[in-house]
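K.L.:
3D model of this:
(2 chains)
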Amino acid sequence: KAGVTQTPRYLIKTRGQQVTLSCSPISGHRSVSWYQQTPGQGLQFLFEYFSETQRNKGNFPGRFSGRQFSNSRSEMNVSTLELGDSALYLCASSSPPGATQYFGPGTRLTVL
Amino acid sequence: AQSVTQLGSHVSVSEGALVLLRCNYSSSVPPYLFWYVQYPNQGLQLLLKYTTGATLVKGINGFEAEFKKSETSFHLTKPSAHMSDAAEYFCAVSSQGGSEKLVFGKGTKLTVNP
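P.N.:
Below you'll find the model as predicted:
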């Protein structure tokens, strides 16, 4: 079974731009969660989606948004990028909700 | 609210020595507990998890952890370190029957010396 895939793997943007990251969960998994990893703050929860509905949201500003499609693929969007948004963004999938989360390789976002 | 404290941001051991990585958690509800490992430029790989039942949990690559409710601890051990164990290790907690949200510790970077 293929694992969680994330695209792109690396991204460079400038301040003020917006970015969209994509996550394809393991086949059959309907729950997708997103995390931000930075050296200073560590791993922080962004959002959780199940069956196209956001079930939980972390403590991030409204510039961070996400969605999930009917095939369980998920995207997250960050608008008006700031230097502090530079991070590794990790996606995880699980099934059913509450089960073990399996992580993708991440998207490394650099904001210049 | 839940939280995780990993004691020691860096741990160094010799090859063949015991590995002990410490994790204490705080949770107002029965927890699920996890250990993940991260190699450079990679995502997180699950080592082991505790949900319910047996408190000694065995994982991959020879790692195990013991859930001690009275001590609110979930320390990770391996009897004999290998060079390939060098990585960063994260302890995490979530709620039983609750949301997917994982709360992570700050991580412990393990160095294995030859």
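
K.L.:
Mind listing residues that contact stretch A:60-77?
P.N.:
Contact partners of stretch A:60-77, identified using C-beta atoms under 8 Å, 6 or more residues apart in numbering or on different chains, comprise A:18-25, A:29-30, A:32, A:34, A:36, A:44, A:46-47, A:49-54, A:78-80, A:89, A:91, A:93. Yep, even glycine has a C-beta here, placed from its N, CA and C like the rest.

K.L.:
From those residues, list the ones also adjacent to chain B.
P.N.:
A:Q44, A:F50 (C-beta under 8 Å from any C-beta of the partner chain).

K.L.:
now the contacts of stretch A:60-77: which count as buried?
P.N.:
By neighbour count, with 16 or more other C-beta atoms under 10 Å in any protein chain shown, the contacts of stretch A:60-77 hold A:19, A:21, A:23-25, A:29-30, A:32, A:34, A:36, A:44, A:46-47, A:49-50, A:78, A:89, A:91, A:93 as buried.

K.L.:
Show me these that map onto strands.
P.N.:
Here DSSP state E is the test, and the buried ones among the contacts of stretch A:60-77 give A:19, A:21, A:23-24, A:32, A:34, A:36, A:44, A:46-47, A:49-50, A:78, A:89, A:91, A:93 as lying in strands.

K.L.:
Tell me which two in those residues are the farthest apart.
P.N.:
A:V19 and A:F50 (23.9 Å; C-beta to C-beta).

K.L.:
how about the residues of chain B near chain A?
P.N.:
Taking C-beta under 8 Å from any C-beta as the contact definition, chain B meets chain A at B:32, B:34, B:36, B:41-46, B:49, B:90, B:92, B:94, B:96-107.

K.L.:
can you list the weak-confidence ranges in chain B?
P.N.:
B:96-100 (pLDDT under 70).

K.L.:
Nearest residue to the residue positioned nearest the centre of it in space, please, no chain neighbours.
P.N.:
Central residue of chain B (C-alpha atoms, centre = their mean): B:W35, 3.4 Å from the mean position. The shortest distance from B:W35 to any non-neighbouring residue, by C-beta to C-beta, 6 or more residues apart in numbering or on different chains, is to B:L47 (4.4 Å).

K.L.:
name the helices or strands packed onto the helix or strand hosting the one you found?
P.N.:
In the assignment (DSSP states H and E), B:L47 maps to strand B:44-50. If contacts are counted by 3 or more C-beta pairs under 8 Å, 6 or more residues apart in numbering or on different chains; DSSP states H and E, strand B:44-50 sits against strand A:102-103, strand B:31-38, strand B:56-58, strand B:64-68, strand B:73-78.
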